[in-house]
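**Q** Build me a model:
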Amino acid sequence: MVAQTYQLPDLRSFFARKPGGPISSHFKGANQGYNEWVGSTLGYYFSIEVYNAEMPLLAALAYPFATELELRAILDYMTASFMLEEMTDRYSSAKALKNSEKWLQTLKDGQSGTSTRHPFIKLMSKEMMARLKSAVDPFHWPQFISTNVDFARNTVREALDREASKSAHSTRDLHSYMITRRETIGTRPCFVLMRSTRRLYIPDSVLEEDAVKGMENAALDMVYIANDIYSFKKEQGDNGALNNIITVILKDPDTSHLDLQGSINYAGDLFKAALDEFHAYRGKIPPFDSDMDKYLSDYADGLIDWVIGNIEWSIVNNRYKVFCSDSDRRSNIIRLGNRYNLHLPSVICFILLIVLIFVYRRDPTLRLTFMPRYASSFSSSFLQ
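**A** Presented below is the predicted three-dimensional model:
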């Protein structure tokens, strides 16, 4: 099956500028220190996943004002939330609940994970939580924990949704998905970390103002819509993209008439609508005192930095591998369907290997007849 090409929306073009500048000046140091830690601390296979995610790049793009110490702590949290995803995405809802509770308790109390047998929870307790807590402003720590309570709870909800969506004939509700996805994307705690790096002392009472809350929710919508668009190719190969807005659009009765390109376009329209909502809510924020007005203005700029940084990271990181070439990236062309293209020589050689094993077990004297002929082609095929 030949790969089909689809046009992605150019989400970056919706923004004239990035308020905080292109990237943190501390990216190089944070990237080097973090990757050295990953290589010396995490297991081989998980470290490959972490390297491919290129989290230092995301942190530096999304937090342009963060110091190197703050970036390192942010990377501890990103790694922890990445691990929570691994601990819940691949398991039943019951196992996801158990794992999320362990993760959250360790986040609340760094020492509570020392008694567990889970190696990553132990690592969180041993060193990651100390670095994270030391870098987060004490004013923001309670807000950070509160948002993670919601995040952990909603990862279990996502596991339930995933179980319910495995049937090819199942339907989805787009509105419900969008409400839940705001929390399962795991970005609300990251917004608290952003407020900490910018020294924005905004109390809960102000954050709960309708216009401020609406602005933040619109930013979250932009983050997960962009994430779902750019990760769709990877998720399609992993699990059929069960929890992805493009799949949900295809399964919602109100939009199920759309084909895949139509669903991608619809997701792009939802992103633009969220951006329009963001600006509308920002304009409705009531006046406070001069300090708070400055905090809220800087917070709005920080949210835009986060949205743009997420887009920039999603386009280039090795975890998603969105585009097959620079030409495709410039044209926003994505190619889907390669997961169906089996490498035929490799498959043939694998079948021949099974045949050889069977023949050898039946008559070992035949190995000198068969093996030399196919061994080299088998090896070269799988090493391509």
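**Q** Give me the average confidence score over the helix or strand hosting residue 275.
**A** Per DSSP states H and E: residue 275 is located in helix 260-284. Mean pLDDT, helix 260-284: 98.
**Q** Could you pull out the buried residues of that helix?
**A** For helix 260-284, a neighbour-count test (16 or more other CB atoms under 10 Å) marks 260, 263-268, 270-271, 274-275, 277-278, 281-282 as buried. For glycine as for every other residue, the C-beta is placed from the backbone atoms N, C-alpha and C.
**Q** and if you look at stretch 297-305?
**A** 298, 299, 300, 302, 303, 304, 305.
**Q** so where's the stretch 201-350 of the chain shaky on pLDDT?
**A** 338-350 (pLDDT under 70).
**Q** Spell out, range by range, the helices that occur in it.
**A** Under the criterion DSSP state H, counting those that start in this stretch, helices of the stretch 201-350 of the chain are mapped to 204-207, 210-239, 245-251, 260-284, 290-316, 326-331, 344-362.
**Q** how about residue 77, what does it touch?
**A** Contacts for residue 77 were tallied using CB atoms under 8 Å, 6 or more residues apart in numbering; they are 132, 189, 190, 193.
**Q** switch the cut-off to 7 Å
**A** Residues in contact with residue 77 (CB atoms under 7 Å, 6 or more residues apart in numbering) are 132, 193.
**Q** Identify each buried residue in the strand or helix carrying it, please.
**A** Assigned by DSSP H and E, residue 77 falls within helix 68-89. Neighbour-count burial for helix 68-89, counted by 16+ other CB under 10 Å, picks out 68, 70-84, 87-88.
**Q** distance between it and the chain's centre?
**A** Remark: helix 68-89 is offset 11 Å from the chain centroid, using CA atoms, centre = their mean, to the nearest Å.
**Q** again, but for stretch 140-150
**A** Chain-centre distance of stretch 140-150: 19 Å, with CA atoms, centre = their mean.
**Q** neighbours of residue 3, just the number please.
**A** Neighbourhood size, residue 3 [other CB atoms under 10 Å]: 14.
**Q** same check, this time on residue 10
**A** 12.
**Q** Tell me which residues touch it, please.
**A** residue 332.
**Q** mind checking how far it is from residue 329?
**A** Remark: distance between residue 10 and residue 329 (CB to CB, to the nearest Å) = 11 Å.
**Q** Then residue 43?
**A** 32 Å.
**Q** In what element of secondary structure is residue 33 found?
**A** Using DSSP H and E, residue 33 sits within helix 27-41.
**Q** next one: residue 5
**A** strand 4-7.
**Q** then that strand to PDB, C-alphas only?
**A** The C-alpha trace of strand 4-7 is given here as PDB (Å, rounded to 0.1, in the frame of the first residue of the first chain):
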ATOM      1  CA  GLN A   4      -1.200   8.600   1.300                       C
ATOM      2  CA  THR A   5      -0.400  12.300   1.600                       C
ATOM      3  CA  TYR A   6      -2.400  14.800   3.600                       C
ATOM      4  CA  GLN A   7      -2.200  18.500   4.100                       C
END
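**Q** Which neighbouring elements make contact with it?
**A** Using 3 or more CB pairs under 7 Å, 6 or more residues apart in numbering; DSSP states H and E as the contact test, the elements touching strand 4-7 are helix 260-284, strand 333-336.
**Q** who's in contact with the shortest one?
**A** I take that to be strand 333-336. Contacts for strand 333-336 (CB under 7 Å, 6+ apart): 3, 4, 5, 6, 7, 8, 233, 236, 322, 323, 324.
**Q** thinking residue 83 is in contact with residue 122, fair?
**A** No. In this structure, residue 83 is not within contact of residue 122 by CB atoms under 7 Å, at 11.7 Å.
**Q** helices or strands next to the helix holding residue 33 in the packing?
**A** helix 44-53, helix 55-62, helix 68-89.
**Q** I'd like those laid out as CSV, including distance to residue 108 and mean pLDDT.
**A** Listed next are those as CSV, based on distance: least, CB to CB, whole Å; pLDDT from 0 to 100:
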stretch, distance to residue 108, mean pLDDT
helix 44-53, 24, 90
helix 55-62, 23, 98
helix 68-89, 12, 91
